[in-house]
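What would the 3D arrangement of this be:
(4 chains)
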There are 4 protein chains.
Amino acid sequence: MTNGESPSDAQPSTARRSRKLQTGRLEALSDGVFAIAVTLLVLDIKVPAHSGNLLDAIARSWPSYLAYVVSFSTIGAVWLGHNAITEYLDRADSGFVRLNLLVLLLVSFLPLPTRLLADYIDQAKPERVAATMYGLSLLLASTLLLVLWKYAVREQLVRPDAADEEIQLLTKRLTPGLVAYLVLIVAGLFVPVVAVAGYLAIAVYFIIPFKHRFIVSFHRTRQSRRQR
Amino acid sequence: MTNGESPSDAQPSTARRSRKLQTGRLEALSDGVFAIAVTLLVLDIKVPAHSGNLLDAIARSWPSYLAYVVSFSTIGAVWLGHNAITEYLDRADSGFVRLNLLVLLLVSFLPLPTRLLADYIDQAKPERVAATMYGLSLLLASTLLLVLWKYAVREQLVRPDAADEEIQLLTKRLTPGLVAYLVLIVAGLFVPVVAVAGYLAIAVYFIIPFKHRFIVSFHRTRQSRRQR
Amino acid sequence: MTNGESPSDAQPSTARRSRKLQTGRLEALSDGVFAIAVTLLVLDIKVPAHSGNLLDAIARSWPSYLAYVVSFSTIGAVWLGHNAITEYLDRADSGFVRLNLLVLLLVSFLPLPTRLLADYIDQAKPERVAATMYGLSLLLASTLLLVLWKYAVREQLVRPDAADEEIQLLTKRLTPGLVAYLVLIVAGLFVPVVAVAGYLAIAVYFIIPFKHRFIVSFHRTRQSRRQR
Amino acid sequence: MTNGESPSDAQPSTARRSRKLQTGRLEALSDGVFAIAVTLLVLDIKVPAHSGNLLDAIARSWPSYLAYVVSFSTIGAVWLGHNAITEYLDRADSGFVRLNLLVLLLVSFLPLPTRLLADYIDQAKPERVAATMYGLSLLLASTLLLVLWKYAVREQLVRPDAADEEIQLLTKRLTPGLVAYLVLIVAGLFVPVVAVAGYLAIAVYFIIPFKHRFIVSFHRTRQSRRQR
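A predicted model of the protein is given here:
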């Protein structure tokens, strides 16, 4: 493909582009699944049957709205993590593509426990089942995302120009949620509403950039490198 | 961005491409959410139950069709604004990606107030609740879009070659809708149908290119620059 | 952006890429809407309620399956036409983007008349209403596609290297369907099933490449040009 | 592809990019349909009506969960195959685009037999009808994928730098499933649950990279080529 003589200016761009070929459709499928999962959530908020006092009816269906916001935030946080992973990716291999399908299986499954939660959050016993199932789904999705990232690092699919600290930073960022999810699942067996509030807190923690820590610093590193 | 000395023809394209890496998936997720939100709207138009006079039954469900057109136009208008913003974007940062998730939360939520509006528009009291909730959703979505743009400008994420007038033009274009929405929400407390007609008018105003003002002039600017 | 000295090899690629920037998200939104509209159709095929003889129940719901195939084919045909248009597109302007939103409005609306048709095709009077509404939707979608193309040609958004015969060929290819739709809508007022069969025939005509006429010849033209 | 003499470094990238133009929207539409089909599946898992024992109710709806996993895996496997095909594709022609629409028709149809299977798997007679219809859909989807690939090979749409062994390897990989599906469809007439288990096994076989056979070796080939 190259003529081998002055490969210096042609090669990097070729490598880049061939990489894109490798991960382009994987990213497209993933973005599609994330986008649909996030948008389907709204279908689970029930429109109150023809009632005289609509405002009251909407207020009474607060669990639907809470579940909507928690699930949207969680899927958003998983997408942010997924995005950070593919940002570092140099190419995908056979195992990565398949692990990614597993992540998507979990993401596309999330609307179901969301619906369960919204339907049962105000009923003593089933509420615990729904909250536990919801927590397990979130835990599993987050765990798989970490596995996906560790797989990419181990199989050396990561861009060679990514610094070791950056790689460790992303690993660190993806890990703590798991412990929190475990604690909340147990707490949810006793006080389900607390668990749900916790799930929201985790998602918000990942989404709100309190100190602009991770991604900004990453950008700066790359920019400074480029300017040299 | 380029130092102009030796690898001059390779570098700009690299910079461009790395920018695309940064915003590529953000745009893909956004386009997915916009496309799904817009297409889900049709699910809210009810097919009349087996009735002898179908034409009459369809005619009677005019609120569904009106709500469909208003919401489609509004989401279309928000997409146009979002598109204009990313067009000017040089790169995304941590905060931008998260603000963008908030915009998408609102966009993917819009099918719900649309359904409420379609269901309740012909009933005296709930009609006001539905129209107000609808208006508030539109106002919030538009406000967030403006916040997203102001954030991009303030954090200098905008392309360095974008002229100041262009930036101010887009700010101006995104602002007036907010005032109009506020006025219509208040009007909707008294005459809901007028508010809905107003929401349609705003969307149409953004969509129909009365004087080919904004984007065309922008194209011309860029082309003339390129030809120099 | 270019240093102006040896612009020959840098410029075409820059122009190309800036064009992509202009139409990239327009294409992404369109592909999303087409993909969702086409996939939502399957939700309209009803699963027969728990019945002893499932095979019989499935056979009796043939109108759903017919409507599914007709609508899938039609949306597929519209997508092919849309694809051919953007293939020739050099850039988009303000009007084009908005006309395109109108095309998408029609495409995303098609699942509704499809559902109407599936529900009413075996009932004497409403059948005509459903078939007429279906035909009008198809006619409107096709007309808007032709308008979109004519607009692109008139506003000189078409790639400068597109030969005049190619442009006329695409115009010719997008036109005849309109007359056929008009004839079938009238026929559908008397014998609705004939109209539906006709709509399927039109879609198949556009989809099946009887003589590999259009696109292949287009490819050859471009390849021969490239080899020179 | 390149003549090696003078504009050598500009031309390959142009050729690449023009190829992308040809298959870009085809891939985007396909990824959209795959993503939506896979995500719609979750809508078919019913949330148990308000019941005292939620855990029990969820356990009793195991057929929905089984059907979900089988269909997700199968669509995932078809996507992997489709991905491998477009990876080898140099450009698309008229027939390929249309055959691809047929593949998408089958993929977007799969949620329906999935729903049938979930609804009827525990009922003696209809269970067979549902399992057979499910198997036929999977068989048809897989057959069309093979036809798509054979068409691409015959019409020389495959990248000229793809080795013959690679092409034969993909053909071999896409073929054996068909025989397995045929056997299982017949088996399903007698013991439907066995057939469903078999369909899951096939999908898992395609998804789990037992020996990292296919794609990894393909990557190595390309990399070694690049390094030369």
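
Next, the contact list for A:Leu138, please.
A:74, A:110, A:181, A:199, A:202 (C-beta atoms under 8 Å, 6 or more residues apart in numbering or on different chains). Every C-beta, even on glycine, is put in place using the N, C-alpha and C of the backbone.

tell me which element it falls in.
Take DSSP states H and E as the rule and A:Leu138 turns out to sit in helix A:124-154.

Low-confidence stretches in chain A?
Residue ranges of chain A with pLDDT under 70: A:1-22, A:50-52, A:124, A:209-228.

redo that, cut-off 50
Along chain A, the model assigns pLDDT under 50 to residues A:1-21, A:210-228.

so which residue of chain A comes closest to chain B?
For chain A and chain B, the shortest gap (C-beta to the nearest C-beta) falls at A:Ala35, measuring 2.8 Å.

Now for the residue lying closest to that residue once chain neighbours are set aside, how many residues are close by?
Using C-beta to C-beta, 6 or more residues apart in numbering or on different chains and skipping residues adjacent in sequence, the residue nearest A:Ala35 is B:Gly32, 2.8 Å away. B:Gly32 has 31 neighbouring residues, counting by other C-beta atoms under 10 Å in any protein chain shown.

repeat for A:Trp79
Residues lying near A:Trp79 (other C-beta under 10 Å) number 26.

One more: A:Asp93?
Neighbour count of A:Asp93, defined by other C-beta under 10 Å: 20.

again, but for A:Gly95
Counted with other C-beta under 10 Å, residues neighbouring A:Gly95 total 19.

Next one: the helix or strand where it lies, is it in contact with chain C?
Applying DSSP H and E as the criterion places A:Gly95 in helix A:94-109. No - between helix A:94-109 and chain C, judged by C-beta under 8 Å from any C-beta of the partner chain, nothing touches; the nearest distance is 13.3 Å.

ok, then the element right after that helix?
Going down the chain from helix A:94-109, the next helix or strand is helix A:111-120, by DSSP H and E.

and the angle from that following helix to helix A:124-154?
Here the directions of helix A:111-120 and helix A:124-154 differ by 160 degrees (axes from the mean of the first three to the mean of the last three C-alpha atoms, to 10 degrees).

Could I get the CA-only coordinates of helix A:111-120 as CSV?
Extracted C-alpha coordinates of helix A:111-120, given in CSV (Å, rounded to 0.1, in the frame of the first residue of the first chain):
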residue,chain,number,x,y,z
PRO,A,111,-34.6,-0.7,30.7
LEU,A,112,-36.2,-3.8,32.1
PRO,A,113,-35.0,-3.6,35.8
THR,A,114,-35.7,0.2,35.5
ARG,A,115,-39.3,-0.7,34.7
LEU,A,116,-39.5,-3.2,37.5
LEU,A,117,-38.1,-0.6,39.9
ALA,A,118,-40.6,2.1,38.8
ASP,A,119,-43.5,-0.4,39.1
TYR,A,120,-42.7,-1.8,42.5
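
and it, what other elements does it pack with?
Where contact means 3 or more C-beta pairs under 8 Å, 6 or more residues apart in numbering or on different chains; DSSP states H and E, helix A:111-120 is packed against helix A:62-88, helix A:124-154.

Show me what counts as buried in it.
Residues A:111-120 are the ones in helix A:111-120 that count as buried (16 or more other C-beta atoms under 10 Å in any protein chain shown).

How about the next helix or strand after the helix holding A:Leu138 and chain B, any contact?
Next in sequence after helix A:124-154, counting helices and strands by DSSP H and E, comes helix A:164-174. No - Helix A:164-174 lies out of reach of chain B by C-beta under 8 Å from any C-beta, never closer than 11.8 Å.

For helix A:164-174, which residues meet the burial criterion?
Using 16+ other C-beta under 10 Å as the test for burial, helix A:164-174 gives A:166-167, A:169-170, A:173-174.

mind listing what the residue nearest in space to the middle of chain A touches?
With distances taken as C-alpha atoms, centre = their mean, the residue of chain A nearest its centroid is A:Val78 (0.7 Å). By C-beta under 8 Å, 6+ apart, A:Val78 lies in contact with A:34, A:103, A:107, A:141-142, A:145.

Identify whichever of the helices and strands packed on helix A:111-120 lies nearest to D:Tyr88.
helix A:62-88 (22.4 Å; C-beta to C-beta).

what's the angle between the closest one and helix A:94-109?
Interaxial angle of helix A:62-88 relative to helix A:94-109 (the same axes, to 10 degrees): 160 degrees.

roughly how far is helix A:62-88 from the heart of the chain?
Here helix A:62-88 is found 5 Å from its chain centre; the criterion is C-alpha atoms, centre = their mean, to the nearest Å.

just stretch A:115-126 next, same as before
Relative to the chain's own centre, stretch A:115-126 is displaced by 24 Å; criterion: C-alpha atoms, centre = their mean.

One more: stretch A:27-36?
Centroid displacement of stretch A:27-36 relative to its chain, using C-alpha atoms, centre = their mean, is 11 Å.

First-to-last residue distance for stretch A:46-55?
14 Å (C-alpha to C-alpha, to the nearest Å).

Buried residues in that stretch, which are they?
For stretch A:46-55, the neighbour count (16+ other C-beta under 10 Å) marks A:47-48, A:54-55 as buried.
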